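Chemist: I need the structure of the sequence given here:
(one chain, ligands or ions: 1)
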Amino acid sequence: MSSFALRRLAVLGSTGSIGRSTLDVVRSAEKRMQVVALSAHTNISLLTEQIQEFRPQIVVVTHDPQNVSQLEKTRQIAKESGTKILFGAESLTQIVIRDDVDIVVSAIVGSAGLKSTLDALTVGKTVALANKESLVVGGELVMDTAKKYGGKIIPIDSEHSAVWQCLRTRTNQVTENEQNTKNIQKIILTASGGPFRNFSSEQLKHVTVADALTHPTWQMGKKITVDSATLINKALEIIEARWLFGVLPSQIAVVIHPQSVIHSMVEFSDGSVMAQLSPPDMRLPIQWAIDYPQQFSCPSKKMNWTENFSLEFFPPNLEQFPALQIGLEVAEQGGTAGAVLNAANEVAVDAFLQEQLPFHKITTVCQTILNHHNYERRPTLEQLQAADHWAREETKTWLSR
Ligand code: MG
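Modeler: Model (predicted):
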């Protein structure tokens, strides 16, 4: 490594799947990256190991710790490591606005990630965004905030990272927030199709929790694995792409690609299509987002060109998986619709995981709650939070009937 710009990181959600992969990237980056701050929700024992290893300046625990003896141990290790501990989600603001943080890796799960993303952008930080809910829930507000205060968003979601990389290969002079979109004909998001790609409607009625948690190509957290099986994850990614790249929903297409090697594509106005390929491994888009515009070798898996392999593409079956149509509609509506879809889905997935809702009803619940909601065109953060809260309560009421 000859020369590099040091990246000082706040990793929000450091004990989750993306957080752990991020720290793996940091390990291999040696002196190129430094962990200044971490946050975790409930996994305090893993957070404690991370404090010991990375010696951050500060950590935030966003959930009230239940285990008193574990907490004592954490305090002791933090003291030895020179790490300050704060409690409560409000404390996330303090770590994302720090002067010694260059990049905020936003890997919190769910709409809880929105506030800290906005806080970071408000002080002009670069956000390496894995928390797609920030854009699903508050797309327009988030992009406006980035623009107003000079903050940058670089996607970690593998599909959006692929699109971002394709755009940078073929368009000149694009800045992080003002994409050169005039030559984009279509953004083609790839989807593995999940484990039930070839299931009939009848088979979908008998899907168990264990079935849904077995993803064919990616190892991820429970919530996103279920979202991949319903294709709601792809619906959320359509909404994410619409705001991130400033394109119309009609310019976004989804194609089923079971191998998950092409992470997405862009078709340009002259008909040329650019694709980004790599084995499914989140460390690549994570490192790309943190190091951009620098590039270094990465610990992610590499393609093996000495073996036979095929890449397949299928149009999605919209009748089996109505989620995609919901995604396009919500991307079109904007406003509070994304917050409502996301919240209804979080509650519905939770009910499914607790065996209180059949798999095939998850998208039905989302559509029902969306149909009943009181739409607001240009919501503030408070209005988005209120829509989120309303949708959660409404979904619970609906489920208890
Ligand atoms: Mg993705």
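Chemist: what about the residue in the stretch 301-401 of the chain positioned nearest to the ion, how many residues close to it?
Modeler: Across the stretch 301-401 of the chain, the shortest distance to the ion (C-beta to the ion) belongs to Gly327, at 12.7 Å. In short, each C-beta sits where N, CA and C put it, glycine included. Look at Gly327: counted by other C-beta atoms under 10 Å, it has 29 neighbours.
Chemist: ok, and for the helix or strand containing it, which residues are buried?
Modeler: Per DSSP states H and E, Gly327 falls inside helix 323-333. By 16 or more other C-beta atoms under 10 Å, the buried positions in helix 323-333 come out as Ala323, Leu324, Gln325, Ile326, Gly327, Leu328, Glu329, Val330, Ala331, Gln333.
Chemist: Quick check: the last one touching Glu376?
Modeler: So the one you mean is Gln333. No: using C-beta atoms under 8 Å, Gln333 is not in contact with Glu376, being 10.5 Å away.
Chemist: before we move on, the earlier item: pull the contacting residues for the residue of the stretch 301-401 of the chain closest to the ion.
Modeler: With contacts defined as C-beta atoms under 8 Å, 6 or more residues apart in numbering, Gly327 is in contact with Ile232, Lys234, Ala235, Leu236, Glu237, Ile238, Ile239.
Chemist: Just the buried ones from those, in ChimeraX syntax?
Modeler: The ChimeraX selection below is limited to those of the contacts of Gly327 classed as buried (16+ other C-beta under 10 Å):
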select :232,234,235,236,237,238,239
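Chemist: Restricted to strands, list the contacts of Gly327.
Modeler: The subset of these located in strands under the criterion DSSP state E is empty.
Chemist: Filter the contacts of Gly327 down to the ones in helices?
Modeler: Those of the contacts of Gly327 mapping onto helices are Ile232, Lys234, Ala235, Leu236, Glu237, Ile238, Ile239, per DSSP state H.
Chemist: burial count for Ser91?
Modeler: Applying other C-beta under 10 Å, we find 17 other residues in the vicinity of Ser91.
Chemist: Which parts of the stretch 151-300 of the chain are helices?
Modeler: In the stretch 151-300 of the chain, helices defined by DSSP state H, counting those that start in this stretch lie at 158-170, 201-204, 209-212, 222-230, 232-244, 283-291, listed in chain order.
Chemist: so of those, which one's packed in deepest?
Modeler: Burial of the helices of the stretch 151-300 of the chain is given as mean neighbour count (mean count of other C-beta atoms under 10 Å); helix 232-244 ranks first at a mean of 27.
Chemist: does it come close to the ion?
Modeler: No: with C-beta under 5 Å from the ion as the criterion, the ion is not reached by helix 232-244; the gap is at least 5.6 Å.
Chemist: what residues does that helix touch?
Modeler: 132-133, 135-136, 139-140, 142-143, 153, 155, 157, 159-160, 163, 187, 189, 191, 224, 227-228, 247-249, 252, 254, 323-324, 326-328, 330-331, 338, 341-342, 345, 349, 362-363, 366.
Chemist: Minimum distance to Gly271: which of the helices of the stretch 151-300 of the chain has it?
Modeler: Comparison of these against Gly271 by C-beta to C-beta identifies helix 158-170 as nearest, at 12.5 Å.
Chemist: mind exporting that closest one as PDB, just the C-alpha atoms?
Modeler: Output in PDB follows, covering the C-alpha atoms of helix 158-170 (Å, rounded to 0.1, in the frame of the first residue of the first chain):
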ATOM      1  CA  SER A 158     -25.200  -4.900  -3.300                       C
ATOM      2  CA  GLU A 159     -27.700  -4.000  -6.100                       C
ATOM      3  CA  HIS A 160     -27.300  -0.200  -5.600                       C
ATOM      4  CA  SER A 161     -23.600  -0.500  -5.300                       C
ATOM      5  CA  ALA A 162     -23.600  -2.400  -8.600                       C
ATOM      6  CA  VAL A 163     -25.700   0.400 -10.300                       C
ATOM      7  CA  TRP A 164     -23.400   3.000  -8.700                       C
ATOM      8  CA  GLN A 165     -20.300   1.300 -10.100                       C
ATOM      9  CA  CYS A 166     -21.900   0.900 -13.500                       C
ATOM     10  CA  LEU A 167     -22.800   4.600 -13.600                       C
ATOM     11  CA  ARG A 168     -19.300   5.600 -12.600                       C
ATOM     12  CA  THR A 169     -17.800   3.500 -15.400                       C
ATOM     13  CA  ARG A 170     -19.700   5.100 -18.200                       C
END
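Chemist: From the ion, how far out is Arg32?
Modeler: Counting by C-beta to the ion, to the nearest Å, the gap from Arg32 to the ion is 25 Å.
Chemist: surely that residue meets Asp291?
Modeler: Yes: in this structure Arg32 lies within contact range of Asp291 using C-beta under 8 Å: 7.5 Å.
Chemist: Mind listing the shared neighbours of the two?
Modeler: Common neighbours of Arg32 and Asp291, counting by C-beta under 8 Å, 6+ apart, are Arg7.
Chemist: Where does the stretch 1-150 of the chain get nearest to the ion, which residue?
Modeler: Taking C-beta to the ion as the measure, the stretch 1-150 of the chain has Lys132 as its residue closest to the ion, at 7.3 Å.
Chemist: Apart from its neighbours in sequence, what residue is nearest that residue?
Modeler: Spatial nearest neighbour of Lys132, excluding adjacent residues (C-beta to C-beta, 6 or more residues apart in numbering): Glu240 at 4.7 Å.
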